[in-house]
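J.: this one's structure only:
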């Protein structure tokens, strides 16, 4: 299994530009998570989807951030316009959520390091 | 809302020695999961160990074990026979059972292993 795939691995952009981060979850997984890691705030959930439907977007900072999951194998996180304070590592994770309950491990991708100048 | 606190930002240990990383959390839920994740310089998040709150027995994975004190809301990780490869950031995390699947992380702790 290829694991969770994220692209790009590194992104450097200028303030005001649009940035799109991409994630391909593990095949068969039905939950997808976007986390952000900064020195100041640590790791925090931005949004997560279950069966392509956003379940919890309470961590999305503001209207400049949007996330989509058009199908089970692809998700995007878009920042428009980007600001220097958006500089962070963005992780995507996926899991197999069982409606019968029980534990389901989240598998993390390698992250995208975003630098906004 | 649940919170996770790691009060020690950095620790160091000699190779082959034992080190304990501390974590406390706050929740009003009675059932939940607790985790320790390792993040080496490659920044990959690696699950080290998991504890289910309804289980009184402390989880163990090879050289890694936890001390789970539910009443005190404490969840420490013990690394025995420390190896150079254990050097990394370690994050304590919480997840509800049922309800939201999101992980709530502590701020992390940097572990250095000295040869």
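T.: Nice, I can see it. Remember, predicted model here, so these are calculated numbers, not experimental data. Numbers count the residues shown, from 1 in each chain, chains lettered A, B, ... in the order given.
J.: quick one, what contacts the residue lying closest to residue B:100 once chain neighbours are set aside?
T.: Leaving aside its sequence neighbours, residue B:100 sits nearest to residue A:56 (C-beta to C-beta, 6 or more residues apart in numbering or on different chains; 5.6 Å). Where you see a C-beta, it was placed from the backbone N, CA and C, and this is true even at glycine. Shown in contact with residue A:56 (C-beta atoms under 8 Å, 6 or more residues apart in numbering or on different chains): A:45, A:47, A:48, B:100, B:102.
J.: Go through the residues you listed and name the one nearest residue A:82.
T.: residue A:47 (17.3 Å; C-beta to C-beta).
J.: Please identify which helix or strand holds the closest one.
T.: strand A:42-50 (DSSP states H and E).
J.: Quick check: can you name the pairing partners of that strand and their directions?
T.: Strand A:42-50 sits in its sheet next to strand A:31-38 (antiparallel), strand A:53-56 (antiparallel), going by DSSP bridges.
J.: tell me which parts of chain A are close to chain B?
T.: Residues of chain A that fall close to chain B, judged by C-beta under 8 Å from any C-beta of the partner chain: A:31, A:33, A:35, A:42-45, A:48, A:50, A:55-56, A:59, A:89, A:91, A:93, A:95, A:97, A:101, A:103-106, A:108, A:110-111, A:113.
J.: Quick check on the residues you listed: which are buried?
T.: Buried members of the residues of chain A next to chain B, scored by 16 or more other C-beta atoms under 10 Å in any protein chain shown, are A:31, A:33, A:35, A:42-45, A:48, A:50, A:55-56, A:59, A:89, A:91, A:93, A:95, A:97, A:104, A:106, A:108, A:110-111, A:113.
J.: that older thread, determine how far the strand holding residue A:47 lies from the middle of the whole chain.
T.: Remark: strand A:42-50 is offset 7 Å from the chain centroid, using C-alpha atoms, centre = their mean, to the nearest Å.
J.: What are the contacting residues of it?
T.: Strand A:42-50 is contacted by residues A:30-37, A:54-57, A:59-61, A:65, A:67, A:69, A:75, A:77, A:90-91, A:97, B:91, B:101-108 when judged by C-beta under 8 Å, 6+ apart.
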